[in-house]
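Undergrad: A predicted structure for the sequence below; I have some questions about it.
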Amino acid sequence: MRKKFGQNFLINPKTRQALVDALESQTGETGEEVWEIGPGLGAMTALLLEKGFTVRAFEIDPGFIRVLKRIFGENKNFNLVEGDVMKTWKKAWDDQKAPPYLLGNLPYNIAASLLADLIEKGCLFKRIVVTVQKEVALRMAAAAGSPDYSSFSVLCASAYKVKPLMLIRPSSFYPQPKVDSMGVLLKNRDAGVYPLIYYPLVRSLFASRRKTIRNNLTVFMSSRFGKSSPDALAAVFHETGLSGMERAEELTPEVFLSIAKSIENMRI
């Protein structure tokens, strides 16, 4: 095991089974594909293959890659992608039709970045089941107005219905992390295509949380379009019914979408 890879193996068999079951596929026997991030020694990989899934596993550790090849190399339903998933997932996505499922005991150091990258690039799954640090899970599921609400909350809610599944204590892992984890289910909302500026807009409005959206939106429009006129801002607030004095943490994902559409329809 290598500390730099953030590896904490889920050694609780009941929790592993519960996470696999949360995918809720009724047609695994037909060979539906599931991506598994960080299979390690293949404990959940084996459960997925037993259910009839085709597994595309992403593993970075050379030692575990050798073990996985030895255990599953002869299984026609097992495919291994070697290397850093942050660098390999996009090519794997482009080389095949979109897989319906993703499962992973995600390393703490890449969990939020990986999920954000997938969503922002429009690479969405039917269902995702992951374990992440508890604080990350709370951010993923947070609603507007709550202390954990952030741009990451809006990002997740734009594509998925997020549901925390279970609290997972450190004793369920080896080596034991110093924090609690949570299993989380993300179910595709089929929300359609968002304006290209949606995600940059959300990040910008959360960039200075203490400032009003009027101030943050002025900065965003100036950096994006080279100018920001008072008339343009007034038009946005008129169309969206906002005063401009709100702060980002008060706005629902739907309000962010209305702001993005209003700006996109302008001729600035």
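TA: Ah, there it is.
Undergrad: which residue ranges form the strands in the chain?
TA: Here the chain has its strands, by DSSP state E, at 9-10, 33-37, 54-59, 78-82, 101-105, 127-133, 160-168, 173-174, 181-188.
Undergrad: looking at these, which is closest to residue 235?
TA: strand 160-168 (31.3 Å; C-beta to C-beta). In short, each C-beta sits where N, CA and C put it, glycine included.
Undergrad: packing partners of that closest one?
TA: Other helices and strands packing on strand 160-168, by 3 or more C-beta pairs under 8 Å, 6 or more residues apart in numbering; DSSP states H and E, are helix 13-21, strand 127-133, helix 134-141, strand 181-188.
Undergrad: turn those into a markdown table, columns for mean pLDDT.
TA: Formatted as a markdown table, the helices and strands packed on strand 160-168 follow (pLDDT from 0 to 100):
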| stretch | mean pLDDT |
| --- | --- |
| helix 13-21 | 96 |
| strand 127-133 | 97 |
| helix 134-141 | 98 |
| strand 181-188 | 98 |
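Undergrad: so of these, which one's packed in deepest?
TA: Ranked by mean neighbour count under mean count of other C-beta atoms under 10 Å, the helices and strands packed on strand 160-168 are led by strand 127-133, which reaches a mean of 24.
Undergrad: for that strand, name the packing helices and strands.
TA: Using 3+ C-beta pairs under 8 Å, 6+ apart, strand 127-133 is in contact with helix 13-21, strand 101-105, helix 111-120, strand 160-168, strand 181-188.
Undergrad: about what we covered before: kindly reformat the strands of the chain as a markdown table containing distance to residue 245.
TA: A markdown table is the format used below for the strands of the chain (distance: least, C-beta to C-beta, whole Å):
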| stretch | distance to residue 245 |
| --- | --- |
| strand 9-10 | 46 |
| strand 33-37 | 42 |
| strand 54-59 | 45 |
| strand 78-82 | 48 |
| strand 101-105 | 40 |
| strand 127-133 | 34 |
| strand 160-168 | 29 |
| strand 173-174 | 45 |
| strand 181-188 | 33 |
